[in-house]
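Engineer: Got a sequence here, can you model it:
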Amino acid sequence: MPKDVERSTKLKDDGNRLFQAGDYVGAESLYSKAIIADESNYSLYTNRAMARIRLNLYESAIADCNECIKLSKDNLKGYFVLSQGQLAIHDYDAALQSALHAHRLCVETNEKSLAPITNQVLRCKKERWEDMEKKRTREGRELENEIAELMQRERDDMVNSCSNDADRDEVAQEWEQKIALFKATFEKARTEDQQKREVPDWAIDDISFAIMVDPVMTKTGKSYERASIMEHLRRHPTDPLTREVLHPNELRPNLQLKEACQEFLDNNGWAVDW
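Structural biologist: Next up is the predicted model:
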């Protein structure tokens, strides 16, 4: 079917108006018709993907984003929306990689969407960690229950092997103390794990008060989250600390701090919501 760019553009514009009005079903339908009129327009696929995400059609949204990326390599919006779809179906690793790819592209092009993309990276990290934490907690409780059951069976065997009631009572009491001590030790370990949850000051951005994922340094050596300092410089082109003139091209990546923050987040995903 030959392209009809004019019709496709009209359908896209109409679809955008419906999307803004919250009519995602209508928007998705118009975007689909626009794609039929011009299937080579990669932006139509991300628009339809966004509508499909609102409709909980996550697999279809992911397919649209992949089609967009196929037509437009390293498409920032494609990776950003793709991450949202992947996160919705709990494909945490893929969602994080897509978000990080979008973040890299945004930094390279100095796009104004850095803040929401940074938030998406943090959201992916948080939900990925929470999933890992749930599995770890479940596995820990399963292990605790299995060991407790083994101890109880051994207790019963020992009690049954006794020749009189006095010995049986004594053995049963000893084993009850062992089992209680074992459970108390597990509970203490869980409590201590919760108490260790503190965010170090060096990981916190002084503008957004969130943990940093892409820190950059000013001329004074002070580090900020890239998204935060860039947003600040758009409004006020001065150093937040010294108030001296500061231009975006004067910022330098703090790779050592970035690695430290990454390591901290990998082991403390809860800190994203601090």
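
Engineer: From here on, just use CA atoms for contacts and neighbour counts.
Structural biologist: Will do.

Engineer: For the one helix or strand Q97 maps to, give me every contacting residue.
Structural biologist: Q97 is part of helix 92-109 when elements are defined by DSSP states H and E. Helix 92-109 is contacted by residues 74-77, 79-80, 82-87, 112-114, 117-118, 120-121, 124-125, 127-128 when judged by C-alpha atoms under 8 Å, 6 or more residues apart in numbering.

Engineer: buried sites along that helix?
Structural biologist: For helix 92-109, the neighbour count (16 or more other C-alpha atoms under 10 Å) marks 92, 94-96, 98-106 as buried.

Engineer: Likewise for stretch 243-263?
Structural biologist: L246, L251, P253, N254, L257, K258, C261, Q262.

Engineer: Tabulate the residues you listed (a markdown table), appending secondary structure, pLDDT and distance to V25.
Structural biologist: Shown next, in a markdown table, are those (DSSP: H, G, I helix; E, B strand; the rest coil; pLDDT from 0 to 100; distance: C-alpha to C-alpha, whole Å):
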| residue | secondary structure | pLDDT | distance to V25 |
| --- | --- | --- | --- |
| L246 | coil | 95 | 46 |
| L251 | coil | 97 | 44 |
| P253 | strand | 96 | 43 |
| N254 | coil | 97 | 45 |
| L257 | helix | 97 | 45 |
| K258 | helix | 96 | 42 |
| C261 | helix | 95 | 41 |
| Q262 | helix | 92 | 39 |
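
Engineer: Of those, which is the nearest to D214?
Structural biologist: Distance to D214 across these (C-alpha to C-alpha) is lowest for K258, with 5.8 Å.

Engineer: Pretty sure that closest one sits against M217.
Structural biologist: No: using C-alpha atoms under 8 Å, K258 makes no contact with M217, being 11.0 Å away.

Engineer: and the angle for the helix or strand containing T137 with helix 92-109?
Structural biologist: Using DSSP H and E, T137 falls within helix 114-161. Taking axes from the mean of the first three to the mean of the last three C-alpha atoms, to 10 degrees, one finds that helix 114-161 is oriented at 160 degrees with respect to helix 92-109.

Engineer: What residues does A203 make contact with?
Structural biologist: Contacts here follow C-alpha under 8 Å, 6+ apart; on that basis A203 touches I211, M212, L257, C261.

Engineer: can you pull the pLDDT of it?
Structural biologist: A203 is assigned a pLDDT of 95 by the prediction.

Engineer: For it, which non-adjacent residue is closest in space?
Structural biologist: I211 (5.4 Å; C-alpha to C-alpha, 6 or more residues apart in numbering).

Engineer: How about the backbone phi and psi for the one you found?
Structural biologist: Per-residue torsions, I211: phi -70, psi 140 (degrees, to the nearest 10).

Engineer: and the gap between it and K219?
Structural biologist: 21 Å (C-alpha to C-alpha, to the nearest Å).

Engineer: the more surrounded of the two?
Structural biologist: Between I211 and K219, counted using other C-alpha atoms under 10 Å, I211 has the larger neighbour count: 26 against 13.

Engineer: The lowest-mean-pLDDT helix or strand in the chain versus helix 114-161: what angle between them?
Structural biologist: Averaged element by element with mean pLDDT, DSSP states H and E, the chain has its least confident helix or strand at helix 165-195 (a mean of 83). Calculated by the same axes, to 10 degrees, helix 165-195 forms an angle of 170 degrees with helix 114-161.
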